[in-house]
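Trainee: next comes the sequence, and after it the predicted model I'd like to discuss.
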Amino acid sequence: MGTMDKTYNIRFLKKKDFESIIELGDKIFGDNYLTQDDLKSVLKKSVKDGKNCSFTLTLNEGDGLERLIGFRLTYAPGTWIDSYDPNLELNPDLWGFDPEKVAYMKSNCLDVEFRRNGFGRMLLDRSVAETRRMGAEAAVAHIWMNSPENGAYNYFLKAGGKMIKTYPSYWRAYHLEDKPCIHCGFPCECPAAEMIIDYSNHKEL
Ligand SMILES: CC(C)(COP(=O)(O)OP(=O)(O)OC[C@H]1O[C@@H](n2cnc3c(N)ncnc32)[C@H](O)[C@@H]1OP(=O)(O)O)[C@@H](O)C(=O)NCCC(=O)NCCS
């Protein structure tokens, strides 16, 4: 019997990944966190100039099958700001960049047992590299301040994220009764931090 090597692969987001992303999103963020329609829209905003800035992380345990264990969903610069959910706050005046040249880091998620191995940072770096090639000068995110062990804030800070503004109950209009927050249920009271990474200071690891 040969050795069954484990391999991890970062792949461009594709439609065939939607079911697995929905399943992992429900587990980590709460039921109905992302729908097929949400992901269709995410994929559209991920693609620009023939490039794609959203990724999946898969694990092949040696049997040739690839199991999705993480994802990094990112909007390309110039694709998202005009259609940003009007129920959610956004403060482009505080960014110090032309909003058309700013990418949006929508969601990053690793299944629990794969955290703290550098995968979150690796996926972020791939999105930074792709959106840089699309003309982005910075990326904005709304960081979940109730994430387990405050991992989200720490990882974004470590990647060079600077605080723009904090909002109480940021996702109150997003997490409705049929889409409860994994931390608070309904209504969601989780605060968010609007943070920005200036690409002129960002170093890929
Ligand atoms: C946030 C998340 C994506 C980070 O991914 P990850 O693969 O665990 O992060 P990395 O291993 O790349 O960590 C990079 C750095 O971030 C910081 N960090 C990450 N998780 C941390 C934690 N739980 N506590 C303290 N620092 C943490 C560390 O500085 C770490 O570097 P180090 O390990 O060399 O010290 C992951 O924890 C996750 O999926 N959390 C749940 C979902 C979530 O909160 N998503 C973000 C929503 S805004």
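Mentor: Structure received.

Trainee: okay, now the residue in the chain that the ligand sits nearest to: neighbour count?
Mentor: Closest contact between the chain and the ligand, by CB to the nearest ligand atom, is at Gly120 (2.2 Å). Where you see a C-beta, it was placed from the backbone N, CA and C, and this is true even at glycine. Look at Gly120: counted by other CB atoms under 10 Å, it has 24 neighbours.

Trainee: am I right that it is in a helix?
Mentor: Yes - checked against DSSP: H, G, I helix; E, B strand; the rest coil, Gly120 lies within a helix.

Trainee: enumerate the residues of this structure near the ligand.
Mentor: By CB under 6 Å from any ligand atom, the residues of the chain that approach the ligand are 28, 108-110, 115-121, 143-144, 147-149, 151-152, 154-155, 158.

Trainee: quick one: the strands in the protein?
Mentor: 7-12, 47-48, 51-52, 55-60, 67-75, 102-110, 138-144, 162-167, 192-198 (DSSP state E).

Trainee: columns mean pLDDT and mean neighbour count on top of the ones you listed, output as TSV?
Mentor: Shown next, in TSV, are these (pLDDT from 0 to 100; neighbours: other CB atoms under 10 Å):
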stretch	mean pLDDT	mean neighbour count
strand 7-12	97	13
strand 47-48	98	20
strand 51-52	98	16
strand 55-60	98	20
strand 67-75	98	23
strand 102-110	98	24
strand 138-144	98	25
strand 162-167	98	15
strand 192-198	98	21
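
Trainee: got JSON lines for those, with distance to Glu89 too?
Mentor: As requested, these are exported to JSON lines (distance: least, CB to CB, whole Å):
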{"stretch": "strand 7-12", "distance to Glu89": "30"}
{"stretch": "strand 47-48", "distance to Glu89": "25"}
{"stretch": "strand 51-52", "distance to Glu89": "28"}
{"stretch": "strand 55-60", "distance to Glu89": "27"}
{"stretch": "strand 67-75", "distance to Glu89": "17"}
{"stretch": "strand 102-110", "distance to Glu89": "14"}
{"stretch": "strand 138-144", "distance to Glu89": "9"}
{"stretch": "strand 162-167", "distance to Glu89": "6"}
{"stretch": "strand 192-198", "distance to Glu89": "8"}
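
Trainee: and the residues of the chain next to the ligand, which of them are buried?
Mentor: 28, 108-110, 115, 119-121, 143-144, 147, 152, 155 (16 or more other CB atoms under 10 Å).
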